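Colleague: take a look and give me a structure for this.
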Amino acid sequence: GFVVGHAGLYQALAMFAVAYFIIGMTVLSVCAIATNGALDAGGAYYMISRALGPEFGGSIGIMFFLANVCGSALYVLGLVEAVVDSFGIPPGQEGGTGVHVLPQSYWYELLYGTVLLALCLLVCLVGASIYAKATFLIFLIVAAVLGTILVSFFATRPLKVPIHLPRFNGTETDNGFFTGFSLDTLRDNLGGGYAVDYTTGQMMSFSSVFAVMFNGCTGIMAGSNMSGDLKRPSYSIPRGTISAVLFTYLVYNLLAFLMCATCNRILLQKDYGFLRDISIFPPLVTVGIYAATLSAAMSNLIGASRILYALARDDLFGRALALAKKTSASGNPVMAVIISWLVVQVVLFSGKLNTIASVVTTFFLLVYATVNLACLALEWASAPNFRPTFRYFTWHTCLLGIAGCCVMMFLISPVSASASLGFLLLLLLALHYLSPSSTWGYISQALIFHQVRKYLLMLDVRKDHVKFWRPQMLLMVQNPRGSSRLIDFVNDLKKSGLYVLGHVELQDLDMLPSDPLQPQQDSWLSLVDKLNVKAFVSLTLAPSVRHGVRQLLFTSGLGGMRPNTLVLGFYDDEAPQDGLARHPAFTSAREEVPLGFPPLRAPTTPKLLSAREYVGIVADALKMLRNVLLARQLESLDKAWELRRAASPPPTIHVWPVNLLRPDSARYADTCSLFLLQMACVLNMARAWRRASLRLFLCVEAGTMPHAQEEKLRQLLKDLRIQAQIQLVPWDAITRLHWQTCRGPPGGPAEEEEEEEGVVNFPTNTTQVSDEYVCAANKLVLEQSPAPAVRFLYLPRPPADTSLYPLYLHQLELLTRGLGPTVLVHGVSAVTSTQL
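Modeller: This is a model prediction of the structure:
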């Protein structure tokens with residue numbers, strides 16, 4: 001009557017259509033999730049948490065708990081209104097007469113609400129079985145009352161109904177009319193006629209009336225809230241919920257039409273209990289109203305307790321809800337019921353039904369939207385295990401349900417909707433950072449997989465362009481205990497590219513009962529989390545390290561995301577140091593280093609690979625057109641100290657883009673030199689290294705016009721948008737050592753032979769460059785002050801003759817000896833661009 005009296009028949013039918021459209025879409029989602037596996041206690045909370053993860057589940061669980069608590073209070077207040085209408089002393093009278101014996105005031109009505117709520121509490125404390133019996137009895141009573149009301153519309157003769165409305169200065173008296181079926185009455189009630197609600201004194205509107213009406217439709221979750229108490233929830237919830245929705249929709253529309261055709265607007269607007277006046281048996285209507293509101297109040301109270309119990313059992317809020325876990329001998333969560341009762345009691349202080357209606361409606365709409373979101377996410381994730389037996393839904397119905405809920409939330413009360421969303425966001429953030437990890441499975445992982453697979457298929461390597469090149473690193477790690485700072489350093493070098501930590505386990509699978517890498521995977525992933533690096537982990541079994549690196553270079557990555565750069569630690573005789581135990585990720589948090597990593601190799605223990613095999617790995621990578629970085633003494637790089645020190649000037653990065661082992665070919669613009677420049681620039685672009693400055697060293701000889709060379713290099717840096725200081729370094733004394741041991745002057749047959757090959761080859765270099773020259777070059781690099789945080793040097797290509805591999809490695813060791821953190825770089829692909 002309240003809805004029809006204010007909104008009229010057309011708008012009332014529209015409200016029912018909108019409400020039931022939203023509810024219908026949500027019911028389809030509920031049925032789909034409910035029939036996709038075993039349900040436990042918690043209803044909608046259980047569905048959402050197991051689908052969307054603990055953050056969404058926990059936050060929506062709290063919202064749904066509050067929605068049920070406020071709903072229970074709302075129905076208790078509705079029952080109090082009905083009781084006071086029937087038995088309250090009329091305003092202005094000193095004492096009661098007949099049945100009108102109950103005093104009316106805020107505190108008296110609060111007392112009546114408390115008594116009625118205590119009755120609900122007693123039923124819920126006994127358990128779900130007595131609640132089920134009580135609700136079935138109430139269902140029979142309500143069905144009987146509904147039958148008499150429908151008969152009354154036809155059987156009752158037209159009558160005048162006196163109405164007494166309380167006012168601050170007395171009582172207003174008016175007359176409403178039951179006209180029987182009348183075309184004039186129907187015509188008068190077709191349109192809207194919003195007026196002041198006599199219980200709150202507020203002017204009604206479409207949104208405020210819809211908010212009150214929608215609370216009569218929120219019982220769709222009553223069945224799913226009892227999911228933990230049902231014998232076959234997957235069978236009962238879809239059938240019970242769908243039949244309830246269809247039944248109530250038909251009844252609401254039928255009642256709306258009958259009221260519009262038989263009752264004038266004054267009666268509908270100013271006497272919400274008018275059905276008693278027109279009924280053929282008035283006391284039965286009163287009993288029906290009491291039964292319906294009592295049933296709804298109990299349903300919401302027991303639903304709230306089951307949600308609270310499920311939240312407590314999942315330990316999402318730790319000790320805060322520990323008390324709610326306690327149950328009786330029969331399994332009834334009595335403490336959750338008592339806590340829910342206390343919260344409902346607090347809400348009763350609001351006093352009037354329509355005051356909290358918009359808040360309750362907003363909460364329920366938010367929960368319904370999230371149920372639809374959960375079903376939509378499961379459908380879009382296309383996981384093979386999502387195969388509900390209920391198939392009458394699509395992602396379109398889920399999306400329509402979400403849109404309908406969100407639109408109606410803001411139409412009803414923009415303030416309540418915004419506050420609810422803000423509260424939900426706060427809960428989400430709190431649970432994200434504070435709640436323990438769950439084993440339920442995360443729908444976000446399934447959705448990410450689905451999207452990543454789709455975009456990886458779209459990532460076409462044939463469309464690669466040098467403008468959008470980025471380093472994609474494969475860092476080989478023998479033992480993370482001795483490589484923590486190198487792992488951190490390469491993380492700064494990747495520039496949003498792919499980063500893979502590779503490890504080779506020297507074992508033969510034929511000789512093993514199972515894969516030994518699976519137990520190690522968790523330790524490596526835990527390491528990645530603790531070091532806070534954005535890296536994947538790729539482990540492999542191989543008979544030798546070289547074969548293992550080949551495997552990883554061939555197989556790491558997927559589609560267009562494959563490593564283009566191999567990073568190796570340097571091969572020397574230095575004893576490895578356990579940097580992981582001293583890493584801030586473990587020292588500051590007082591956490592242990594992840595288990596699964598063996599102790600570091602003792603200095604006397606032989607290495608897992610020989611010098612020849614190490615250089616062979618470099619040669620293999622270059623043959624496979626991978627860039628190569630060799631990192632020496634990176635474990636001595638204290639990045640935090642280097643980059644935070646307040647001393648002036650700021651830390652520097654020294655760049656030597658000339659092949660120091662090939663002084664007769666000191667070119668600065670070949671592919672390898674440009675790649676070296678690019679890597680130094682990428683490091684400087686990393687957030688942690690922006691304070692550092694690049695210093696580029698130009699090696700010049702007398703009589704070679706150094707200023708022209710400097711200007712040419714400066715122009716190159718300008719074209720490449722690289723900001724760096726250029727420092728001229730005379731190296732006549734160094735090159736003189738080279739020519740003294742060389743067979744001939746520059747331009748001789750040896751050089752011409754190499755130039756024809758088009759690459760910087762090494763065979764003749766090994767015979768031309770002496771250890772004395774290499775030591776002098778090392779000293780030249782070392783003398784440049786101030787000492788940098790890290791140096792980038794040109795890495796020559798390994799010799800074609802494998803017998804020269806040990807000599808090649810020996811000269812690299814001499815070149816980088818005592819330089820501190822140093823990266824030797826060899827690039828094989830064009831990586832710089834001067835185009836837009």
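Colleague: out of the helices and strands in the protein, which is least certain?
Modeller: Least confident element among the helices and strands of the chain, by mean pLDDT, DSSP states H and E: helix 749-757 (a mean of 40).
Colleague: what's the domain layout of this structure?
Modeller: Structural domains assigned to the chain are 1-434, 463-741+765-826, following the TED database.
Colleague: buried deepest among those domains, which one?
Modeller: When neighbours are counted by mean count of other C-beta atoms under 10 Å, the highest per-stretch mean among those falls to domain 1-434, a mean of 19. To be clear about C-beta, it is placed using only N, CA and C from the backbone, and glycine gets the same treatment.
Colleague: can you map out the helices along the stretch 401-550 of the chain?
Modeller: Listed in chain order, the helices found in the stretch 401-550 of the chain under DSSP state H, counting those that start in this stretch are 414-434, 443-458, 484-493, 518-531, 545-555.
Colleague: other residues contacting the third one?
Modeller: Read that as helix 484-493. Counting contacts by C-beta atoms under 8 Å, 6 or more residues apart in numbering, the residues outside helix 484-493 that touch it are 471, 473, 475, 477, 480, 499, 501, 531, 533-535, 567, 569, 579-580, 583, 629, 631, 634-637, 639, 679, 682-683, 686, 688-689, 790, 821.
Colleague: can I get that helix in CSV, CA atoms only?
Modeller: Coordinates of the C-alpha atoms in helix 484-493 are reproduced here as CSV (Å, rounded to 0.1, in the frame of the first residue of the first chain):
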residue,chain,number,x,y,z
SER,A,484,71.7,-11.5,-4.2
ARG,A,485,73.2,-8.2,-5.3
LEU,A,486,73.7,-9.3,-8.9
ILE,A,487,70.0,-10.4,-8.9
ASP,A,488,69.1,-6.9,-7.6
PHE,A,489,71.4,-5.1,-10.1
VAL,A,490,69.9,-7.0,-13.2
ASN,A,491,66.4,-6.1,-11.9
ASP,A,492,67.4,-2.4,-12.4
LEU,A,493,68.8,-3.2,-15.9
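Colleague: tell me what angle that helix forms with helix 518-531.
Modeller: Regarding helix 484-493 and helix 518-531, their directions subtend 70 degrees when assessed with axes from the mean of the first three to the mean of the last three C-alpha atoms, to 10 degrees.
Colleague: same check on the last one?
Modeller: What separates the directions of helix 545-555 and helix 518-531 is an angle of 70 degrees, with the same axes, to 10 degrees.
Colleague: and what of the longest one?
Modeller: Inter-element angle recorded for helix 414-434 and helix 518-531: 120 degrees (by the same axes, to 10 degrees).
Colleague: next: the second one.
Modeller: Orientation of helix 443-458 against helix 518-531 (the same axes, to 10 degrees) gives an angle of 90 degrees.
Colleague: quick one: pLDDT of the residue nearest the centre of the chain?
Modeller: Nearest residue to the geometric centre of the chain (C-alpha atoms, centre = their mean): residue 444, 6.4 Å. Note on residue 444: pLDDT of 75.
Colleague: am I right that it is in contact with residue 51?
Modeller: No. Contact status for residue 444 versus residue 51: not in contact, 10.4 Å apart, counting by C-beta atoms under 8 Å.
Colleague: spit out the contact partners of residue 459.
Modeller: Residue 459 neighbours (C-beta under 8 Å, 6+ apart): 559, 560, 561.
Colleague: repeat that for residue 734.
Modeller: Listed by C-beta under 8 Å, 6+ apart, the contact partners of residue 734 are 663, 773, 776, 777, 780.
Colleague: quick one on the thing from earlier: not counting sequence-adjacent ones, nearest residue to the residue nearest to the centre of the chain?
Modeller: On the basis of C-beta to C-beta, 6 or more residues apart in numbering, the spatially nearest residue to residue 444 that is not a chain neighbour turns out to be residue 53, at 6.3 Å.
Colleague: let's have the domains of the chain in TSV, adding mean pLDDT and distance to residue 452.
Modeller: Listed next are the domains of the chain as TSV, based on pLDDT from 0 to 100; distance: least, C-beta to C-beta, whole Å:
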stretch	mean pLDDT	distance to residue 452
domain 1-434	82	12
domain 463-741+765-826	84	9
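Colleague: which one of those domains lies closest to residue 450?
Modeller: When those are ranked by distance to residue 450, counting by C-beta to C-beta, first place goes to domain 1-434 at 5.5 Å.
Colleague: quick one: the strands in the protein, in order.
Modeller: Remark: strands assigned in the chain by DSSP state E are 159-167, 170-178, 473-476, 499-506, 536-542, 565-569, 627-632, 652-656, 693-700, 725-730, 790-794, 822-826.
Colleague: out of those strands, which gets nearest to residue 550?
Modeller: Each of these was scored for nearness to residue 550 using C-beta to C-beta, and the closest is strand 536-542 (8.2 Å).
Colleague: ok, and what's touching the closest one?
Modeller: Taking C-beta under 8 Å, 6+ apart as the criterion, the residues outside strand 536-542 that touch it are 474, 498-509, 515-517, 520-521, 524-525, 528, 548, 551-552, 555-556.
Colleague: again with stretch 618-632
Modeller: So stretch 618-632 is in contact with 471, 474, 486, 489-490, 493, 546, 549-550, 553-554, 563-570, 572, 675, 679, 795, 797-798, 812, 816, 819, 821-829, going by C-beta under 8 Å, 6+ apart.
Colleague: that stretch: end-to-end distance?
Modeller: In terms of C-alpha to C-alpha, to the nearest Å, the two terminal residues of stretch 618-632 are separated by 15 Å.
Colleague: please apply the same query to stretch 215-232.
Modeller: With C-alpha to C-alpha applied, stretch 215-232 spans 27 Å between its terminal residues.
Colleague: and stretch 570-581, by the same measure?
Modeller: For stretch 570-581, the first-to-last residue distance is 21 Å (C-alpha to C-alpha).
Colleague: gap between it and the chain center?
Modeller: From the chain centre to the centre of stretch 570-581 is a distance of 38 Å (C-alpha atoms, centre = their mean, to the nearest Å).
Colleague: go on, stretch 320-334?
Modeller: The chain centroid and the centroid of stretch 320-334 are separated by 31 Å under C-alpha atoms, centre = their mean.
Colleague: having no further points to raise, I will conclude here.
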